[in-house]
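Undergrad: heads up, no residue letters with this:
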């Protein structure tokens with residue numbers, strides 16, 4: 001493949017190497033370091049003049065450092081006269097901050113309806129009226145990241161399973177949002193013997209479209225769990241919608257962070273009569289107590305992809321398994337470089 005260079009950031013060097021192995025090219029030379037004041041320094045160790053450059057950097061680990069490193073690498077290649085710079089971001093950072101979801105009236109933790117009720121009660125009983133403030137200043141950080149990537153000089157973005165597909169509209173440059181669904185379907189058919197007696201479950205209403213797509217392709221039923229949150233990473237209550245009795249329940253989501261929701265949902269499914277419970281998600285962020293929760297959970301196993309590094313986690317968490325998606329990203333890079341369509345990858349896993 002002439003006129004192509006692939007560089008890997010420090011977030012997931014192994015994935016970048018796998019992509020290069022698949023393409024049959026050498027991983028580009030780049031060195032990164034930090035000065036004593038924690039500024040990031042990047043040096044590209046080879047010429048990129050007139051080259052089609054791909055920079056692989058995932059949003060994991062020290063996310064802010066990884067993002068800054070990616071921006072500097074993009075800018076370094078751009079001002080070194082590269083033909084085109086594509087940022088390959090398997091796990092897009094700040095994707096959960098995609099809307100102003102904090103624009104609610106709050107009073108001591110009470111949302112609109114409760115706060116208005118408190119106001120009415122206070123007015124009728126001559127009590128002290130509670131103070132209500134409009135918290136309408138939440139950022140749309142995913143849009144900010146999109147702007148930063150564009151300003152740095154990125155010409156194209158390749159990512160996977162965006163938390164909200166409308167994030168593609170935050171960019172004024174082409175975005176290819178790939179899907180892990182074909183790899184997930186392949187894993188389910190090959191590793192769950194009773195998959196024909198399974199039911200695909202979404203841990204929240206937002207993932208209903210994702211689970212219905214998988215359920216349709218497997219020709220099985222689907223269910224969802226309605227959850228109410230008190231605050232971020234803390235679920236107040238869960239209600240199961242669907243019949244899972246005597247079936248293999250497969251929880252599917254795009255992201256597993258602290259795994260509190262996943263583990264509560266698994267317990268709910270077992271209480272409802274599920275014979276076994278599996279979990280499959282694309283981005284295994286697995287922060288905080290996630291690994292210990294998985295080890296103590298009722299899951300048969302929790303399956304994630306290697307959009308983020310999983311090797312060390314799998315050593316301490318026997319229930320954790322990993323799907324390799326490097327061939328999907330490599331094929332996307334090859335097709336993009338050759339000017340071919342990538343839509344084949346939306347429903348097929350490259351051989």
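TA: Cool, the structure landed. For clarity, every value in this text was computed on a predicted model and none was experimentally measured. Numbering: from 1, shown residues only.
Undergrad: which stretches of the stretch 151-300 of the chain have low pLDDT?
TA: The stretch 151-300 of the chain contains residues with pLDDT under 70 at 228-236.
Undergrad: Tell me which stretches of the stretch 101-250 of the chain form helices.
TA: Per DSSP state H, counting those that start in this stretch, the stretch 101-250 of the chain carries helices over the ranges 112-125, 141-152, 181-191, 208-218.
Undergrad: could these go into CSV alongside mean neighbour count?
TA: (C-beta placed from N, C-alpha, C; glycine too.) Shown next, in CSV, are those (neighbours: other CB atoms under 10 Å):
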stretch, mean neighbour count
helix 112-125, 12
helix 141-152, 17
helix 181-191, 17
helix 208-218, 16
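Undergrad: Tell me which of the ones you listed sits nearest to residue 61.
TA: Distance to residue 61, taken as CB to CB, is lowest for helix 141-152 among those, at 16.0 Å.
Undergrad: How about the contacts made by residue 348?
TA: For residue 348, the contact set (CB atoms under 8 Å, 6 or more residues apart in numbering) comprises residue 182.
Undergrad: Where does it sit: helix, strand or coil?
TA: Three-state assignment for residue 348 (DSSP: H, G, I helix; E, B strand; the rest coil): coil.
Undergrad: how does the chain divide up, domain by domain?
TA: Domain assignment for the chain, taken from automatic domain parsing, gives 4-96+141-179+328-346, 104-135, 181-323.
Undergrad: related to what we said a few turns ago, for the helices of the stretch 101-250 of the chain, could you give me JSON lines that also reports distance to residue 245?
TA: Compiled in JSON lines, the helices of the stretch 101-250 of the chain are given as follows (distance: least, CB to CB, whole Å):
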{"stretch": "helix 112-125", "distance to residue 245": "35"}
{"stretch": "helix 141-152", "distance to residue 245": "39"}
{"stretch": "helix 181-191", "distance to residue 245": "20"}
{"stretch": "helix 208-218", "distance to residue 245": "17"}
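Undergrad: Regarding the protein, what is its longest helix?
TA: Identified as the longest helix of the chain according to DSSP state H is helix 63-79.
Undergrad: Report the angle between that helix and helix 141-152.
TA: Interaxial angle, helix 63-79 versus helix 141-152 (axes from the mean of the first three to the mean of the last three CA atoms, to 10 degrees): 30 degrees.
Undergrad: Would you mind identifying the next helix or strand past helix 63-79?
TA: Next helix or strand after helix 63-79 toward the C-terminus (DSSP states H and E): strand 84-89.
Undergrad: If you tally nearby residues, what's the number for the closest residue in space to residue 143 that isn't next to it in sequence?
TA: Of all residues not flanking residue 143 in the chain, residue 170 sits nearest, at 4.5 Å (CB to CB, 6 or more residues apart in numbering). Residue 170 has 19 neighbours, counted by other CB atoms under 10 Å.
Undergrad: Touching the longest helix of the chain from outside, list them.
TA: Against helix 63-79 from outside (CB under 8 Å, 6+ apart): 7, 9-11, 30, 32, 40, 42-44, 48, 53, 55, 57-60, 85, 87, 89, 93-94, 145, 148-149, 152-154.
Undergrad: Now with 7 Å, please.
TA: 7, 9-11, 30, 32, 40, 42, 44, 48, 53, 55, 57, 59-60, 85, 87, 93, 145, 148, 152-154 (CB atoms under 7 Å, 6 or more residues apart in numbering).
Undergrad: Just the buried residues from those, in PyMOL please.
TA: Command for PyMOL that selects the buried part of the contacts of helix 63-79, burial taken from 16 or more other CB atoms under 10 Å:
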select buried, resi 7+9+10+11+30+40+42+44+48+53+55+57+59+60+85+87+93+145+152+153+154
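Undergrad: I am finished for the moment; much appreciated.
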